[in-house]
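1. sequence and predicted structure below; questions after.
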Amino acid sequence: MDLSAIRAKLDSMNNTSNDRPKIDYDKIFWKPQLGKQQIRIVPSAYNPEYPFKELFFHYGVGKYPMIALTNFGEQDPVVEFVNELKKTSDKDNWSLAGKL
């Protein structure tokens, strides 16, 4: 497992621009409680050097978040629709594209 690649990715995620609010990942992700714990980290079968897989989701399209088809190398109609909205010069279309 390449720990330097994992640290570089974590640093790039933490050093975002000031435009977006900073997310407190300690409140979102699981962390072990105090005391003795046994945690296993298993390398990925697809990329043993980097154990994590980034996934993209669409929010605001339906009731629940949807996983993006671009994760699987397929054409994604939501991404295509957003790109079509961005091609126009209408302010409302740009606003809708940003929300998707």
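-> Thanks, I have the structure now. Source: prediction; values computed, not measured. Numbers count the residues shown, from 1 in each chain.

2. contacts, neighbours, all on C-alpha from now
-> OK.

3. got a list of what residue 76 touches?
-> Counting by CA atoms under 8 Å, 6 or more residues apart in numbering, residue 76 makes contact with 68, 69, 70.

4. turn those into JSON lines, columns for secondary structure and neighbour count.
-> Formatted as JSON lines, these follow (DSSP: H, G, I helix; E, B strand; the rest coil; neighbours: other CA atoms under 10 Å):
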{"residue": "68", "secondary structure": "coil", "neighbour count": "19"}
{"residue": "69", "secondary structure": "helix", "neighbour count": "17"}
{"residue": "70", "secondary structure": "helix", "neighbour count": "15"}
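
5. tell me the one of these nearest residue 97?
-> residue 68 (15.2 Å; CA to CA).

6. list the contacts for the closest residue to that closest one other than its chain neighbours?
-> Closest residue in space to residue 68, ignoring its immediate chain neighbours: residue 57 at 5.0 Å, by CA to CA, 6 or more residues apart in numbering. For residue 57, the contacting residues are 65, 66, 67, 68, by CA under 8 Å, 6+ apart.

7. so the last one touches residue 58, yeah?
-> Yes - with contact defined as CA atoms under 8 Å, residue 68 counts as touching residue 58 (6.2 Å).

8. identify the bridge partners of the residue nearest to residue 68.
-> Beta-bridge partners for residue 57, by DSSP bridges, are residue 67.

9. just put the contacts of residue 57 in JSON lines and tack on pLDDT and distance to residue 22.
-> Formatted as JSON lines, these follow (pLDDT from 0 to 100; distance: CA to CA, whole Å):
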{"residue": "65", "pLDDT": "87", "distance to residue 22": "21"}
{"residue": "66", "pLDDT": "89", "distance to residue 22": "23"}
{"residue": "67", "pLDDT": "90", "distance to residue 22": "23"}
{"residue": "68", "pLDDT": "91", "distance to residue 22": "24"}
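
10. need the buried ones from the residues you listed selected in PyMOL.
-> This is how PyMOL selects the buried members of the contacts of residue 57, with burial counted by 16 or more other CA atoms under 10 Å:
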select buried, resi 68
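
11. specify which member of the contacts of residue 57 is nearest to residue 99.
-> For the contacts of residue 57, the nearest to residue 99 is residue 65 (12.8 Å; CA to CA).
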